[in-house]
Structure formats: C-alpha cells, structure tokens
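J.: with the sequence up front, the predicted model follows.
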Amino acid sequence: MARNDAGRRLFARPCTFVVAATSLEGLPDPGVPEVAFAGRSNCGKSSLINALTGRRSLARTSRTPGRTRSINVFSLDGRMNLVDLPGYGYAAAGKADIAGWTRAVDDYLALRPVLRRVCLLLDVRRGITDRDRATFDSLDTAGVSWQAVLTKSDKVKGAGLDGVVAEVAEELQRRPAAVPGILITSARKGRGIDDLRSAVAAIVS
C-alpha cells in the first residue's frame, strides 16, 4: 500500500509537455531522471501515459500506427521526465520518415545519460514479436534497465492472457537488463496503473 501511495502522490503532481524532438540535440538538458515508454506502433504508449498522469489528452493518441513521430518529453513537476517514443514496426508513413525516427530512438536509448528505465510495452494480442526481441537485444547490449509492461489486457482474457504472461516470463529469464516481474495493464480499464506508478516512483525516490 505504501508503494502505491508514493506512486499516486508522484503522479498527482502537474505534468506538462516540454518538447517534441527529432534528434538528441533537440532534447532538454539532461538534468532530471527520465523514464521512456517504447514498443511497437499502436501498442498503447500514449494511452498509458495519459492513464498514468490522469489526463485524457496529454499524449496524443490515434488508431493509426505511427502517429507518434518524435521523441515527446513531458515534465512531471520538474522531478522527472516521461518520454513517449515513436513506435517500431508498421507505420503509416514514408520509409525516410520511419528511418529518421528509428535513428533518433536508437540514439536516445543508447546515449541518453539520464535514462533510468525503459517501459517496454507489449500488446497482449500480439505477444512477443521478432522486432520486440531485437529491442530487447539492443537494451541488454546497452545495459539499459527495462521493464516488461503488457498493454490492452482487457482485450485478451483467461488462458490467452496467461499464455502471453508465461511467454514473456520465460523470455525475461534470458535478459540481463530486464527488471524482474511483469506489469499487466489496461489503460481503458485502469488495470495495473497504480502498480506502474509505484514502479516509476521507486526509480526517483
């Protein structure tokens, strides 16, 4: 309960948009810890950030894959930054645009000194894809701490959800940079939001 209280207190603070950057040079000076949200296109990154902060439209959401095309930074009362990264995989955009934001994300994950944790979002309807595993590899190689977060859990229930959880748990055992444990969330239903808030709050406490 105390951990959940800390998370609620942190995310009750004002959260404001800072910048949409297309390269490392466009990011704010590295002064506060950052937690980034990564995953395939349309896995629910923006929706989850909105649910965490209790704001419906802080991060722009869309049903069209590839809507987030820049590194979007949000300040949580000056104590930390939440970072919404462009998704990987299919996107309704040109090859040059996709290549550009992919480079920016790769640079951010490998070189951003204040990055404390990556929340790696996995859509429960899809399980782990080859592109997800490539991202796991990159984070492990860079030594960037990451947390597996299952999204859209309201879309799959029972044995289907249990199967995805088991698949992810098995994968995590082979991943040196992965944080133990899996967070199961639904931005629409509010499932797991307090647990994720607590996990983020523990990083900056």
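T.: Thanks, I have it.

J.: when you work out contacts or count neighbours from here on, use the C-alpha atoms and nothing else.
T.: Will do.

J.: and the strand ranked longest in the chain, what does it pack onto?
T.: The strand that spans the most residues within the chain, counting by DSSP state E, is strand 115-123. If you count contacts as 3 or more CA pairs under 8 Å, 6 or more residues apart in numbering; DSSP states H and E, strand 115-123 packs onto strand 34-39, strand 146-151.

J.: could you pull up the mean pLDDT of the last one?
T.: Summarised as a single mean, pLDDT over strand 146-151 is 96.

J.: what's the angle between it and strand 115-123?
T.: Counting by axes from the mean of the first three to the mean of the last three CA atoms, to 10 degrees, strand 146-151 lies at 30 degrees to strand 115-123.

J.: from the contact counts, what lies against the helix or strand that strand 146-151 is followed by?
T.: Using DSSP states H and E, the helix or strand that follows strand 146-151 towards the C-terminus is helix 159-172. If contacts are counted by 3+ CA pairs under 8 Å, 6+ apart, helix 159-172 sits against strand 178-184.

J.: in its sheet, what does the strand it packs on sit against?
T.: Next to strand 178-184 in the sheet, as set by DSSP bridges, lie strand 146-151 (parallel).

J.: can you tell me what sits against the strand it pairs with?
T.: 43-44, 117-124, 139, 168, 177-187 (CA atoms under 8 Å, 6 or more residues apart in numbering).
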